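S.K.: Quick one: sequence and predicted model below, then my questions.
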Amino acid sequence: MFQNSDIAKLIIRLSLGIMMLFHGVDKIINGIGGVKYLTTNAGLPEFLAYGVYVGEVVVPIFIILGLYARVASVVLALNMLMAIFLAHGGSLLALGKHGAPVIELPLFYLILSVAVFLLGSGRYSVNSK
């Protein structure tokens, strides 16, 4: 039977996974120097910066496929919390030049990650029920 909710879950998963994967591919091509700087500047060990490859390459692939999407979405949510903390920690309530919060994009990814966690991967996924 045709289920609109499963189509919606697929659209959310694909949107989140594909858009985040663009960020990961950029990190693969251009490196993570900026992430390393932010990590060490916050007093954290530099090796933690390499977690961005998990959060922005591996996890989005899992979310796209619907393979352990709930677990992957928790990892991505933690990645986004870390990105918000490292890149925007001093300006959480600040507004950008167009009136939106400066944390708009990572916050949007965080909210979508929570949605995937709550909804699950749905019927159109690798490990659907």
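M.R.: Perfect, I can see it now. Remember, it's a predicted structure, so these values are computed and weren't measured experimentally.
S.K.: Scan the chain for its longest helix.
M.R.: Counting by DSSP state H, the longest helix found in the chain is helix 4-30.
S.K.: Going by neighbour count, which residues in that helix are buried?
M.R.: By neighbour count with 16 or more other CB atoms under 10 Å, helix 4-30 contains the buried residues 6, 9-10, 12-13, 16-17, 20-21, 23-24, 27. From N, CA and C alone the C-beta is placed, and that goes for glycine too.
S.K.: Pull the contacting residues for the residue nearest in space to the middle of the chain.
M.R.: For the chain, the residue sitting closest to the mean C-alpha position, by CA atoms, centre = their mean, is Leu76 at 4.2 Å. Each residue near Leu76 by CB atoms under 8 Å, 6 or more residues apart in numbering is listed here: 16, 20, 55, 59-60, 63, 109, 113.
S.K.: could I get these as a markdown table with distance to Ser128?
M.R.: Below are those laid out as a markdown table (distance: CB to CB, whole Å):
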| residue | distance to Ser128 |
| --- | --- |
| Leu16 | 17 |
| Met20 | 21 |
| Gly55 | 24 |
| Val59 | 19 |
| Pro60 | 19 |
| Ile63 | 14 |
| Tyr109 | 23 |
| Ser113 | 19 |
